[in-house]
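*Asks:* Structure for the following, please:
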Amino acid sequence: MMTRRLLQLSTGLAMYGISLALFIRAGLGLDPWDVFHQGLANHTGLSIGLVVIIVSFLVLLLWIPLRQWPGFGTLCNAVLVGVFADIGLALIPAVSHLAGQIGLLAGAVLLNAVASACYIGAGFGPGARDGLMTGLARRTGWSVRLSRTLIEVTVLAAGWLLGGSVGVGTVVYALAIGPLVHVLLPRFMVQPVAPKTTKEPSAANC
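*Replies:* Residues are numbered from 1 along each chain as shown. As a prediction, this is how the structure comes out:
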């Protein structure tokens, strides 16, 4: 069981990083957090993968006043997504024709959904950004939807002002990722092993 969970976690985070690279190569717009990451990368000269890692650990600092504590998967998420995003960008070429861009975008959304279901289903703790959302909701009494909306609108606006890519891909991601993860997550949830119980002898056997 533990081996499967670790394999599923690492595979999911690797796929998540590759999906980010696909979004960038598609050139049709990124999800809100990655608009922010790309904007920072454009202004700092750092690779987007390194920016993802740095922002992840900065977000984890915001967990402290929220009394939110990271799990093993949270720390793996903070590092591996950025590493594999840079690997993906090194391996995946950019495309300039619309059909290729649409194909990359579709692949990015689907891969991101599978990746999210994998690492969430492994049960090692939320990513830094998801934990910020749930921690804020718990501490303020706001709904998770409101907390997520406020956070993502803020980082999207900041990323757009920094020159991050906002486009049809941003809208497609916002509309598609929730339903896709909802469908996929049950297939990747690692169920705990039920403890074995000793069957009590029935009266008929006494």
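*Asks:* Please name the nearest non-neighbouring residue to the spatially most central residue of the chain.
*Replies:* Centroid-nearest residue in the chain, with C-alpha atoms, centre = their mean: residue 116, separated by 5.5 Å. Of all residues not flanking residue 116 in the chain, residue 181 sits nearest, at 5.0 Å (C-beta to C-beta, 6 or more residues apart in numbering). C-betas here are computed from N, CA, C, even on glycine.
*Asks:* Which secondary structure elements does the strand or helix carrying residue 145 sit against?
*Replies:* Assessed by DSSP states H and E, residue 145 sits inside helix 144-161. Helix 144-161 sits against helix 32-44, helix 128-140, with contacts defined as 3 or more C-beta pairs under 8 Å, 6 or more residues apart in numbering; DSSP states H and E.
*Asks:* 10 Å instead, please
*Replies:* Contact here means 3 or more C-beta pairs under 10 Å, 6 or more residues apart in numbering; DSSP states H and E; on that basis helix 144-161 packs against helix 32-44, helix 48-62, helix 128-140, helix 168-188.
*Asks:* before we move on, the earlier item: is it correct that the residue nearest to residue 116 is in contact with residue 113?
*Replies:* Yes: between residue 181 and residue 113 a contact is recorded at 5.3 Å, counting by C-beta atoms under 10 Å.
*Asks:* Same drill for the two, tell me which one is more crowded.
*Replies:* residue 113 (23 against 18; other C-beta atoms under 10 Å).
*Asks:* Mind listing what's buried along whichever strand or helix holds that one?
*Replies:* Residue 113 is part of helix 98-121 when elements are defined by DSSP H and E. Residues 101-102, 104-105, 107-121 are the ones in helix 98-121 that count as buried (16 or more other C-beta atoms under 10 Å).
*Asks:* ditto for stretch 83-94
*Replies:* Result for stretch 83-94 [16+ other C-beta under 10 Å]: buried residues 83, 84, 85, 86, 88, 89, 92.
*Asks:* and the third one, what does it touch?
*Replies:* The neighbours of residue 85, taking C-beta atoms under 10 Å, 6 or more residues apart in numbering as the test, are 14, 16-24, 34, 37, 47-53.
*Asks:* Can you read off the pLDDT for the residue nearest to residue 116?
*Replies:* pLDDT recorded at residue 181 is 93.
*Asks:* before we move on, back to that, helices or strands up against the helix holding residue 113?
*Replies:* Counting contacts by 3+ C-beta pairs under 10 Å, 6+ apart, helix 98-121 packs against helix 2-26, helix 72-91, helix 168-188.
*Asks:* Format those as JSON lines; extra columns: distance to residue 66.
*Replies:* Converted to JSON lines, the helices and strands packed on helix 98-121 look like this (distance: least, C-beta to C-beta, whole Å):
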{"stretch": "helix 2-26", "distance to residue 66": "23"}
{"stretch": "helix 72-91", "distance to residue 66": "13"}
{"stretch": "helix 168-188", "distance to residue 66": "23"}
